[in-house]
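Colleague: Prediction below, plus the sequence it came from.
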Amino acid sequence: MAKEVMTKAQLMEELQEAHREIKSLHSQARKYKRIEEKLTRSEQFYRTLFENSGTATIVIEKDTTISMMNNDFSNFTGYTRNEILNHSWTLYVAEDDVDRLLFYHRTRREDPTSAPRNYEFKIRNKDGNHLHVYMTIAIIPGTSQSIASMVDMTAIKKLEKEVLDISERERQKIGYELHDDLGQHLIGIDVMTKVLRDRLTPISDENARYAGEINHLVREAIDKTRRLARGLCPVHLTSLGLEASLENLAASTSSIFNITCLFRCPRHIPIHDNTLATHLYYIAKESVHNAIEHGKSSKIVMELLNNGGSVSLSVLDNGSGIKDITRATGIGLRIMHYRARMIGAILRIESEPDGGTLVTCTFNLRKD
């Protein structure tokens, strides 16, 4: 069969079609090149942001490995890129923080809102020292990856501790002076007014009664001084430490406010760190105050438990509860959170389903 011979018109049409296709290809090539240039600029832009954010930043995979990092994280921890990339972040976190952060890691991937976005923990650098960090972390949309940026809080933590130590020493000093100086002075006046009353009794009943009233006022002043001293220095003035101080807090609360306030501690928990014990006492005291003042509670239960070295101090009341935990920003609550951070504890404040509030402060018991 003879080949079909193309006419000149057909040939020209084929050539024009080929020319149009070539132009289209050139146009698409230019378009793809522009897209590639935009992607390159975008990548450079975000990489520059990533590298120069001013914070130590990493990208974490679902299996806990670190897939990206900036130089700040390397400088911060002292490890090289090869020692960090494709390794689990658990290798660089202080041992007593790993379980908590792993829990956040898992729950964040189930529901990004179920784990906190900001929290503090400790990183172990290459020298073996612990650095206090404040982290902001979030899931990258459409992925199982999270991006985390960290700020070194070690120097601030040290300064805060020094300021708080000075404050606590001054508090203790005032407590001791109230108890040992003013208290003893008032006891002396108490004895003298008793003697005066006894001497006046055979002379003038009216004057003896007046002296007795003065003695009564002095005794009230002694009781108030002792309560102030216990409030300023509760753990120091009690030989058994935190447990006895909380027991006294429960007893005085029941007596003063005419409500039921109980303290439970099934087994003795040796807390020898007085700073730790003092912070825990004031967290409990503020919780009790809130339960009475704001919750109008009639029953409060404080409990101190040790579960394999994880100690929890809880305060449960039957009051009206907190309507919106996220908006509870009173100064008392802020101080409670601050005290918890100072001792490396986790503070949770929850409204109970049937009313009331549960405050829980959990920390790892330190070995002396």
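Modeller: Arrived safely, thanks for sending.

Colleague: gap between the two ends of stretch 123-137?
Modeller: Chord length of stretch 123-137, first to last residue, is 15 Å (CA to CA, to the nearest Å).

Colleague: Give me the buried positions along it.
Modeller: Residues of stretch 123-137 classed as buried: 123, 124, 130, 131, 132, 133, 134, 135, 137 (neighbour count, 16 or more other CB atoms under 10 Å). Glycine gets a C-beta too; all of them are placed from N, C-alpha and C.

Colleague: what's the farthest-apart pair in these?
Modeller: Taking CB to CB, the two most distant members of those are 130 and 137; they sit 19.5 Å apart.

Colleague: Just send the buried residues of stretch 123-137 back as TSV, with pLDDT, secondary structure and distance to residue 222 too.
Modeller: As requested, the buried residues of stretch 123-137 are arranged in TSV below (pLDDT from 0 to 100; DSSP: H, G, I helix; E, B strand; the rest coil; distance: CB to CB, whole Å):
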residue	pLDDT	secondary structure	distance to residue 222
123	90	strand	51
124	89	strand	52
130	89	strand	47
131	89	strand	49
132	88	strand	44
133	90	strand	49
134	89	strand	47
135	90	strand	51
137	92	strand	54
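
Colleague: Identify, from these, the entry nearest to residue 194.
Modeller: Taking CB to CB as the measure, residue 132 is the one of these closest to residue 194, at 56.2 Å.

Colleague: That closest one pairs with what?
Modeller: On the basis of DSSP bridges, residue 132 takes part in beta bridges with residue 122.

Colleague: Would you mind confirming that it is in contact with residue 119?
Modeller: No - counting by CB atoms under 8 Å, residue 119 is not a contact partner of residue 132; they are 11.6 Å apart.

Colleague: Contact partners for residue 198?
Modeller: By CB atoms under 8 Å, 6 or more residues apart in numbering, the contact set of residue 198 is residue 208.

Colleague: For it, which three-state class applies?
Modeller: With DSSP: H, G, I helix; E, B strand; the rest coil as the basis, the three-state label of residue 198 is helix.

Colleague: Kindly provide the distance from it to residue 218.
Modeller: Counting by CB to CB, to the nearest Å, the gap from residue 198 to residue 218 is 15 Å.

Colleague: what's the average pLDDT for the helix or strand containing residue 363?
Modeller: Under DSSP states H and E, the secondary-structure element containing residue 363 is strand 357-364. When the per-residue pLDDT values of strand 357-364 are averaged, the result is 90.

Colleague: do stretch 171-188 as well
Modeller: The average of the pLDDT scores along stretch 171-188 is 78.

Colleague: Then stretch 68-82?
Modeller: For stretch 68-82, the per-residue pLDDT values average out at 88.

Colleague: Mind jotting down where the strands sit in this protein?
Modeller: Taking DSSP state E as the criterion, the chain contains strands spanning 56-60, 66-69, 118-124, 130-139, 146-152, 260-264, 299-307, 310-317, 346-351, 357-364.

Colleague: what's next to stretch 103-122, contact-wise?
Modeller: Counting by CB under 8 Å, 6+ apart, stretch 103-122 makes contact with 60, 62, 64, 93-94, 96-97, 100-101, 130-139, 144, 146, 153, 341, 344, all of which sit outside it.

Colleague: Can you give me the buried ones in that stretch?
Modeller: Within stretch 103-122, the residues scored as buried using 16+ other CB under 10 Å are 104, 105, 108, 109, 115, 119, 120, 121, 122.
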